[in-house]
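Asker: Fold the following.
(one chain, ligands or ions: 1)
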Amino acid sequence: MQQRPRLVIGNWKMNGDLASNAALVASVVAGLATETDCQVAVCVPFPYLSQVAGRLTGSSIALGSQDVSEFERGAFTGEVSASMLHDFGCRYAIVGHSERRTWFGDTSERVALKAERAIGQGITPIACIGETLQEREQGRAEEIVAMQLDAVLERIGTKGIAASVLAYEPVWAIGTGKTAAPEEAQAMHASIRAHVAKHDAKVAAGLVILYGGSVKASNAGLLFGCADIDGGLIGGASLVADDFLGIVKAKTGTAAS
Ligand code: 13P
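Answerer: A predicted model of the protein is given here:
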């Protein structure tokens, strides 16, 4: 079985200010000063990229954005291009988060274009996929996730997928305190990997697939202990240093109190 690195990424969403960011990053950097075999990144709001980049210098924590434009450059007021993110040292860009799909009209096709732009600048897209509660209750969860994945696959191919990270985030688990049960999340992760394997088994075996949705220090160990769950995309708990560090350091296969 292929060993994949554990990856834990904080998605700050639209939170933070100069003072609280400085305190949060300082605590996370200090907490990770000793060796951890987990790769860590924080995806921060665009205006704070420069601030956080500066404060991460010399640490092992990578920087990411929460979105990227599907366009290269030009008259697209309000957009931020992949090359701009590259200028500020972004290693990751989240694309297709369900909040963007829900509130800002990001279709799967647009998400695929965004992933392509990120890859074009050497930035790893974190492509988010996941079903709503209604879709799950209708028994369509796997079908919906496969459709979202296919849109990305069609655009960037398995070569692009090999340069990406996927995040399975069931919409009903985001910010609700309702985590998918480890077996439930594992089943979906396995199905995502199997779907990619139909195109390229080697790419599928090496693909990092994160789980997102109400991950906490108390459930991270059980989730990360699942064979096809390679880490987490963390919302609320990434805003509190101790909570985030507890997730990063969660012992695989154990439930902490
Ligand atoms: P929560 O961890 O707050 O549920 O958010 C998950 C998420 O949306 C990460 O992208």
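Asker: C-alpha only now, for contacts and for neighbours.
Answerer: Fine.
Asker: Residue 76 - how many residues pack around it?
Answerer: The tally of other residues near residue 76 (other CA atoms under 10 Å) stands at 11.
Asker: That one is in what secondary structure piece?
Answerer: Secondary structure here is read from DSSP states H and E; on that basis residue 76 sits in neither a helix nor a strand.
Asker: Need the phi and psi values for it.
Answerer: When read as degrees, to the nearest 10, the backbone of residue 76 gives phi -130, psi 70.
Asker: distance of it from residue 184?
Answerer: Going from residue 76 to residue 184 by CA to CA, to the nearest Å gives 40 Å.
Asker: swap in residue 133?
Answerer: Note on residue 133: its distance to residue 184, by CA to CA, is 13 Å.
Asker: where along the protein do the helices fall?
Answerer: 18-31, 49-56, 82-87, 98-103, 108-120, 133-137, 141-162, 182-197, 201-206, 217-224, 241-248 (DSSP state H).
Asker: Who are the packing partners of the second one?
Answerer: Yep, that's helix 49-56 we're talking about. Secondary structure elements in contact with helix 49-56, counted by 3 or more CA pairs under 8 Å, 6 or more residues apart in numbering; DSSP states H and E, are helix 18-31, strand 62-65.
Asker: Sheet partners, orientation included, of the last one?
Answerer: In this case it means strand 62-65. Each strand pairing with strand 62-65, determined using DSSP bridges, is listed with its direction: strand 38-43 (parallel), strand 92-95 (parallel).
Asker: List, one by one, the residues from the stretch 51-200 of the chain near the ligand.
Answerer: Residues of the stretch 51-200 of the chain lying near the ligand by CA under 6 Å from any ligand atom: 174, 175.
Asker: Touching, residue 196 and residue 208? I think so.
Answerer: No. Because the distance of 11.7 Å does not satisfy CA atoms under 8 Å, residue 196 is recorded as not touching residue 208.
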